[in-house]
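Peer 1: Here is my input; please provide its structure:
(one chain, ligands or ions: 3)
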Amino acid sequence: CAVLVPVLGDQLGPRLSSLRGRDKAETVVLMMEVADETTYVRHHKRKLALILSAMRHHAQALREAGWRVDYVGLDDPENTGSFTGEIARAVARHTPERIVVTEAGEHRVQTMLEGWEAELGLPVDVLPDDRFLCSRDDFARWAASAPELIMEGFYRDMRRRTGLLMDGDEPVGGRWNYDEENRKPAPAPDLFMPRPLAFQPDAITQEVLELVERRFADFPGKLDGFDYAVTVEQAEAQAANFMVHMLPKFGDYEDAMLVGERHLWHSILSPYINLGLLDPLDLCRRAEAEYLAGRAPLNSVEGYVRQLIGWREFVRGMYWREGPDYVRRNFFGHTRPLPAFYWTGETDMRCLKEAIGQTLDTAHAHHIQRLMVTGNYALLIGADPLDVHRWYLEVYADAYEWVELPNTLGLSQYADGGLMGTKPYVSTGKYIDRMSDYCRGCRYDVRARTGPDACPFNALYWDFLQRHGRKLRDNPRLGMPYRHWDRTDPLERAAIRAAAKAHLDALDAVPSYAD
Ligand code: FAD
Ligand code: DLZ
Ligand code: SF4
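Peer 2: Ligands and ions are numbered 1, 2, ... in the order given. I've put the predicted structure just below:
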């Protein structure tokens, strides 16, 4: 063939720069299931099943559209286990004149594909991934001219660029951001809560489920009840369900958490967007149309659009800007291994049990569970940010380094010293109690700071602020808690710090996952 086009596992879907406008008769599309990618962390079994099944369905869709697809399965006895090894074998099979590939999502793979030209001795064109709205070059230009590298400024520029929710040069409704209206506590659960669609595994998915169970039996998570969408059509159906049933209340309850309610009014579309099955700009336009038709309020639609054209594009821009060393940042010098219960859910802290249990069952948790429950606790106990990063990369179906790392290491663990967020996202149990019904069924008392029944988040929070006083006291957003601590009775302060120490000592006494 004339051109070999490798399509990587998160480059699925109909709009890929490497395939656009290409002559099908002179192209071979190469798709590869490789051990390097399936094992670079111990991915949750559901995440593996989703990616491999979506890849196989995508190969089928490409063939039906008239492409020649060379697909290498994980069980192929000749499989070398790496992208580079498989490209070399495909070059020998198809003798292409050149390779055309869309840039990779993460440094690890991008470095590999930039080496192909020298290694294989034939031209390799690496094209920008224009499934993102802001290219890496555009982000670099924005960052060079922005007064401050903050998401809100970037987001406003993206609104102007896309014209989403704009009234000429002004934001629709007169404000850019309706976040203040999006912090309602969880309502009482009822039978009329919307549900995401569930998709029964077809023959292709069944085969993948068996493969994952056989080859990755000791990886975390469960496969029972696997019901993810694995094709563009199914993902589109899930998106349509969201627009009608969840979007209207998405804003109001964006930060809420409820026992047993895993989805609330969230879209649960991130796994599909990140694989390429859904287009983020198209989703934003559909959400905007719901607002214009009077079916969804502005606080919901603005909140949704901000996550996609603001946060999602911003974290990707920052990931590439900060480079491969970003992963090693550790502002607080934290070294504690992540407790073993992150892989079992066996803890008597109800909030953590719920968030981790749901994660192990479904490979999904929503933003506030990730940020204010599992992330908050990991930061308060001083967990090693690299460990925390690996956990998030393993357990979530939507986790790829470009999006997971800035969210975890930056936003959630503050290990970059404030690049992604202006203050560490830590809280006492009071925040969790306000936003959820977790504390009502917990063996700990969320109001107590000391004593055997005191909620561990309370003492850990105050202890964290004291341990890192030198680094955090001058942060204007933390003035209030430091003033509160300074006014607290010294005996009470000593008791709080002793309670935190007892909790941390107890953690150190049990073997961690790393042991
Ligand atoms: P919704 O609440 O419906 O939000 C709409 C969409 O906005 C999402 O589908 C997602 O595509 C996008 N989005 C929202 N917040 C973010 C964000 N902070 N960064 C990037 N995109 C965002 N998201 C991932 O896609 N992959 C990850 O690996 C990931 N890791 C995270 C780790 C931590 C510690 C935290 C705090 C957040 C992480 N997020 C990650 C962001 C966010 O939690 C998920 O995108 C969201 O929970 C996905 O569920 P949803 O589709 O129902 O989202
Ligand atoms: C995440 C993942 C997994 C688990 N397996 C594969 C695979 O077998 N083949 C493949 O092409 N891609 C896989 N992926 C996604 C890749 O890791 C992804 O394409 C890169 O992260 C892009 O940078
Ligand atoms: Fe979590 Fe504390 Fe509430 Fe228990 S009391 S659920 S540990 S915040």
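Peer 1: how near is the closest residue to Tyr438 other than its chain neighbours to Phe457?
Peer 2: Nearest residue to Tyr438 in three dimensions, chain neighbours excluded: Cys351, at 4.2 Å (C-beta to C-beta, 6 or more residues apart in numbering). To be clear about C-beta, it is placed using only N, CA and C from the backbone, and glycine gets the same treatment. Noted for Cys351: a distance of 8 Å to Phe457, by C-beta to C-beta, to the nearest Å.
Peer 1: Now for the two: what residues contact both?
Peer 2: Residues touching both Cys351 and Phe457 (C-beta atoms under 8 Å, 6 or more residues apart in numbering): Ile432.
Peer 1: ok so, going back, right, and the helix or strand after the helix or strand where the residue nearest to Tyr438 lies?
Peer 2: Per DSSP states H and E: Cys351 is located in helix 350-362. Using DSSP H and E, the next helix or strand after helix 350-362 towards the C-terminus is helix 367-368.
Peer 1: Mind checking what helix or strand follows that next one in sequence?
Peer 2: Counting by DSSP H and E, the element that comes right after helix 367-368 along the chain is helix 376-380.
Peer 1: Not counting its own residues, what contacts that following helix?
Peer 2: Outside helix 376-380, the residues that touch it by C-beta under 8 Å, 6+ apart are 334, 338, 349, 352, 388, 412-414, 424-427, 457, 460-461, 463-464.
Peer 1: check whether the next helix or strand after that helix contacts ligand 1.
Peer 2: Under the assignment DSSP H and E, the closest C-terminal helix or strand after helix 376-380 is helix 385-395. Yes - contact of helix 385-395 with ligand 1 (C-beta under 6 Å from any ligand atom) involves Tyr392.
Peer 1: What residues of helix 385-395 count as buried?
Peer 2: Neighbour-count burial for helix 385-395 flags Pro385, Leu386, Asp387, Val388, His389, Arg390, Trp391, Tyr392, Leu393, Glu394, Val395 (criterion: 16 or more other C-beta atoms under 10 Å).
Peer 1: For it, name the packing helices and strands.
Peer 2: Judged by 3 or more C-beta pairs under 8 Å, 6 or more residues apart in numbering; DSSP states H and E, the packing partners of helix 385-395 are helix 401-405.
Peer 1: The next helix or strand after the helix it packs on vs ligand 3: in contact?
Peer 2: Next helix or strand after helix 401-405 toward the C-terminus (DSSP H and E): helix 429-435. Yes - residues of helix 429-435 are located near ligand 3 by C-beta under 6 Å from any ligand atom, namely Gly429, Ile432, Asp433.
Peer 1: re earlier: list the contacts of the helix holding Cys351.
Peer 2: 44, 46, 220-222, 257, 259-260, 262, 341-347, 364-365, 369-370, 373-374, 377, 395-397, 432, 436, 438-439, 441-444.
Peer 1: from the buried residues of helix 385-395, which is closest to ligand 2?
Peer 2: Leu393 (9.6 Å; C-beta to the nearest ligand atom).
Peer 1: Tell me the spacing between the closest one and Ala399.
Peer 2: Distance from Leu393 to Ala399, by C-beta to C-beta: 5 Å.
Peer 1: Also Arg285?
Peer 2: Arg285 sits 26 Å away from Ala399, going by C-beta to C-beta.
Peer 1: quick one on the thing from earlier: restrict the contacts of helix 376-380 to those near ligand 3?
Peer 2: Applying C-beta under 6 Å from any ligand atom, the subset of the contacts of helix 376-380 adjacent to ligand 3 comprises Met349, Phe457.
Peer 1: hmm, back to that, need the residues of helix 429-435 next to ligand 3 in TSV (columns: neighbour count and pLDDT).
Peer 2: Shown next, in TSV, are these (neighbours: other C-beta atoms under 10 Å; pLDDT from 0 to 100):
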residue	neighbour count	pLDDT
Gly429	26	98
Ile432	26	96
Asp433	19	96
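Peer 1: sorry, back to before: sort out which of the contacts of helix 376-380 are buried, if you could.
Peer 2: Neighbour-count burial (16+ other C-beta under 10 Å) applied to the contacts of helix 376-380 gives 334, 338, 349, 352, 388, 412-414, 424-427, 457, 460-461, 463-464.
Peer 1: Which parts of the stretch 1-150 of the chain are strands?
Peer 2: 3-6, 27-32, 68-72, 98-102, 124-127 (DSSP state E, counting those that start in this stretch).
Peer 1: what about the longest one, near ligand 2?
Peer 2: So the one you mean is strand 27-32. Yes - residues of strand 27-32 contacting ligand 2 under C-beta under 6 Å from any ligand atom: Met32.
Peer 1: List the buried residues for that strand?
Peer 2: Thr27, Val28, Val29, Leu30, Met31, Met32.
Peer 1: ditto for stretch 33-52
Peer 2: For stretch 33-52, by 16+ other C-beta under 10 Å, it's 33-34, 36-38, 41-52.
Peer 1: near ligand 3, which residues of this structure show up?
Peer 2: 349-351, 429, 432-433, 438-439, 442, 444, 446, 455-457.
Peer 1: Enumerate the residues of this protein near ligand 1.
Peer 2: So far as C-beta under 6 Å from any ligand atom goes, the chain lies against ligand 1 at 266-270, 273-274, 304, 307-308, 311-312, 315, 366-367, 370-371, 375, 392, 396, 398-399, 403-404, 407-408, 411-412.
Peer 1: Apply 5 Å and report the result again.
Peer 2: Taking C-beta under 5 Å from any ligand atom as the criterion, the neighbours of ligand 1 within the chain are 266-270, 273, 307-308, 311-312, 315, 366-367, 370-371, 375, 392, 398-399, 403-404, 407-408, 412.
Peer 1: Please parse this structure into its domains.
Peer 2: Listed domain ranges for the chain are 3-127, 136-196+231-318, 340-509 (source: automatic domain parsing).
Peer 1: got those domains as JSON lines, with distance to Arg329 columns?
Peer 2: Shown next, in JSON lines, are the domains of the chain (distance: least, C-beta to C-beta, whole Å):
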{"stretch": "domain 3-127", "distance to Arg329": "14"}
{"stretch": "domain 136-196+231-318", "distance to Arg329": "12"}
{"stretch": "domain 340-509", "distance to Arg329": "5"}
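Peer 1: quick one, which of those is nearest to Phe216?
Peer 2: Proximity to Phe216, assessed across those by C-beta to C-beta, is greatest for domain 3-127 (5.9 Å).
Peer 1: model confidence over the closest one, on average?
Peer 2: Averaging pLDDT along domain 3-127 gives 97.
Peer 1: again with stretch 323-342
Peer 2: Regarding stretch 323-342, the rounded mean pLDDT is 97.
Peer 1: Now that stretch: buried residues?
Peer 2: Using 16+ other C-beta under 10 Å as the test for burial, stretch 323-342 gives 326-327, 329-332, 334, 337-342.
Peer 1: what's the neighbour count on whichever residue of the stretch 101-250 of the chain sits closest to ligand 1?
Peer 2: Ranked by C-beta to the nearest ligand atom, the top residue of the stretch 101-250 of the chain for proximity to ligand 1 is Phe250, at 6.6 Å. As a burial measure, Phe250 scores 24 neighbours (other C-beta atoms under 10 Å).
Peer 1: Could you check how far it is from Phe332?
Peer 2: 34 Å.
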